[in-house]
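Peer 1: The amino acid sequence is not available; the structure is as follows:
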């Protein structure tokens, strides 16, 4: 397992600890030029999205390359954490259904999934 995959799995597990819904990690190497892994999950409301984002941020900070950039706010329905080789998408259920990243990146390989 490479370091990016370890970071992605770690971020996914952090999201799951906060009861994120349908946590999925996609291997997008070779099909997305800016990252190797996507972590995609959903929350029930803005407060839940914020809690998931905080937990994932705390987990990423523990790693040697704890850099990340945050985009979006929970009230918008989408928070994105850019961790270099890993991009974490934290969606409201409605935004996730609308953007449907799993279908958009359908050529990717699922390496982790929890419901």
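Peer 2: Structure received. Worth saying up front: this structure is predicted, and the values here are computed from it rather than measured. Numbering: from 1, shown residues only.
Peer 1: where does this protein dip in pLDDT?
Peer 2: Filtered on pLDDT under 70, the chain yields the residue ranges 66, 115.
Peer 1: got the contact list for residue 56?
Peer 2: 11, 14, 15, 39, 81, 88, 90 (CB atoms under 8 Å, 6 or more residues apart in numbering). C-beta here means a position set from N, CA and C on the backbone, and glycine is covered the same way.
Peer 1: Of the residues you listed, which belong to helices?
Peer 2: Of the contacts of residue 56, the ones assigned to helices by DSSP state H are 11, 14, 15.
Peer 1: list the buried ones in stretch 31-47?
Peer 2: The neighbour-count check on stretch 31-47 (16 or more other CB atoms under 10 Å) flags 32, 35, 36, 37, 38, 39, 40, 41, 42, 43 as buried.
Peer 1: Contacts only, for the fifth one.
Peer 2: Residue 38 is in contact with 8, 24-26, 28, 32, 86-89, 101, 105, 108, counting by CB under 8 Å, 6+ apart.
Peer 1: To what extent is the closest residue to it other than its chain neighbours buried, counted in neighbours?
Peer 2: Nearest non-adjacent residue to residue 38, counting by CB to CB, 6 or more residues apart in numbering: residue 26, 4.4 Å away. Counted with other CB atoms under 10 Å, the neighbours of residue 26 add up to 27.
Peer 1: Which of the residues in the top helix by length along the chain are classified as buried?
Peer 2: As assigned by DSSP H, the longest helix anywhere in the chain is helix 46-62. For helix 46-62, the neighbour count (16+ other CB under 10 Å) marks 48, 49, 50, 51, 52, 53, 55, 56, 57, 59, 60 as buried.
Peer 1: Tell me how far the third one lies from residue 62.
Peer 2: Here residue 50 is placed at a distance of 19 Å from residue 62 (CB to CB, to the nearest Å).
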